[in-house]
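Colleague: build the 3D model from these lines:
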Amino acid sequence: MKKLRVALISIASLAVAAGASAGEKKAASTEPDLQRAVRQKLERLNNYGVFDVLNYQVDPSGAVELSGFVFNDSLKEDAEDAVLDVPGVKKVTNRIEDLPWGVGDDEIRAKVYLTIYRDGFLSRYGTSTDMALANGIGFGGGGRFGVFGPLGIGNPYFPGFNPVGDYGIHIMVTNGEVTLVGDVDSIGDRIMAELKTRGVFPVKKVYNELTVKGKKPDAEDKTPTRTRKAGVYIAAN
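Modeller: The predicted structure follows:
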């Protein structure tokens with residue numbers, strides 16, 4: 001996959017959640033109207049999952065460029081259709097790429113997802129169901145890492161498994177390599193997510209692209225970033 005040279009905004013890393021603090025809300029208010037409308041359309045896609053990463057770049061003229069990598073087959077077209085429906089958008093260039101499917105990568109997806117979102121601390125970056133399961137509520141006969149029954153998670157090792165919802169940490173897997181993308185509350189959470197992912201077998205390499213809310217990346221951060229065949233560039237506005 002080609003290296004992206006244009007700085008893009010990732011909806012997985014933009015801190016504009018409804019429950020933001022007053023300071024965050026004030027900062028979010030400076031977001032251009034068209035950019036906000038595009039972001040909201042993408043965030044509301046009902047098939048946008050934890051294994052997908054969508055990026056967008058909005059030009060004031062009404063031209064939008066979409067990029068990123070999707071595990072869900074239909075998400076590429078759904079994202080384009082949704083953005084074309086935004087008032088003021090005149091053109092959409094769709095550079096979203098499909099992630100390859102494979103037994104090895106699917107196993108890694110399931111294991112990393114479970115490792116992060118069944119952790120009692122990191123599960124808050126997932127849905128209410130993830131938090132419940134991480135705290136021992138609703139375990140079925142398969143237990144914490146099996147079939148979850150009435151809460152609707154299903155078997156995480158089933159091909160095509162891709163939980164949808166408001167996930168703070170997105171997990172992108174390509175050829176055994178994992179990229180973590182999103183926005184977390186603290187450096188400690190960023191480090192914890194990376195360490196847990198590194199401990200998953202058979203992960204070959206981990207690229208930590210998680211950003212900390214309200215903190216600009218500094219030159220002293222030695223965590224390797226992906227310059228890479230299947231990475232995602234995240235930029236501030």
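Colleague: surely residue 211 forms part of a strand?
Modeller: Yes - judged by DSSP: H, G, I helix; E, B strand; the rest coil, residue 211 forms part of a strand.
Colleague: and the residue nearest to residue 163 when sequence neighbours are not counted, how far from residue 161?
Modeller: Excluding its sequence neighbours, the residue lying closest to residue 163 (Cβ to Cβ, 6 or more residues apart in numbering) is residue 50, at 5.0 Å. From N, CA and C alone the C-beta is placed, and that goes for glycine too. In this structure, residue 50 and residue 161 are separated by 10 Å, where distance is defined by Cβ to Cβ, to the nearest Å.
Colleague: got it, and residue 106?
Modeller: Note on residue 106: its distance to residue 161, by Cβ to Cβ, is 8 Å.
Colleague: nearest residue to residue 177 in space, please, no chain neighbours.
Modeller: Once flanking residues are discounted, residue 177 sits nearest to residue 205: 4.6 Å by Cβ to Cβ, 6+ apart.
Colleague: read off the pLDDT value for that neighbour.
Modeller: Among the per-residue scores, residue 205 shows a pLDDT of 97.
Colleague: where exactly do the helices run in the chain?
Modeller: Secondary structure of the chain (DSSP state H): helices located at 22-28, 33-43, 75-84, 103-117, 128-134, 187-198.
Colleague: out of those helices, flag the one nearest residue 59.
Modeller: Closest to residue 59 of those, according to Cβ to Cβ: helix 33-43, at 8.8 Å.
Colleague: I'd like to know which elements the closest one is packed against.
Modeller: Based on contacts counted as 3 or more Cβ pairs under 8 Å, 6 or more residues apart in numbering; DSSP states H and E, the elements that helix 33-43 packs against are strand 53-58, helix 75-84.
Colleague: just the ones you listed: most buried one?
Modeller: Highest mean neighbour count of the helices and strands packed on helix 33-43: strand 53-58, a mean of 24 (counted as mean count of other Cβ atoms under 10 Å).
Colleague: what's the spacing between the nearest residue to residue 202 once chain neighbours are set aside and residue 58?
Modeller: Once flanking residues are discounted, residue 202 sits nearest to residue 176: 6.4 Å by Cβ to Cβ, 6+ apart. If you measure residue 176 against residue 58 using Cβ to Cβ, the figure is 34 Å.
Colleague: check residue 115 too.
Modeller: 35 Å.
Colleague: tell me what the residue most central in space within the chain is bridged to.
Modeller: Within the chain, the residue whose C-alpha comes closest to the C-alpha centroid is residue 170; the distance, by Cα atoms, centre = their mean, is 2.7 Å. On DSSP bridges, the residues paired with residue 170 through beta bridges are residue 181.
Colleague: mind listing what it touches?
Modeller: Contact analysis of residue 170 by Cβ atoms under 8 Å, 6 or more residues apart in numbering lists 12, 50, 51, 52, 53, 180, 181, 182.
Colleague: from those, which has minimum pLDDT?
Modeller: Lowest pLDDT among these: residue 12, with 61.
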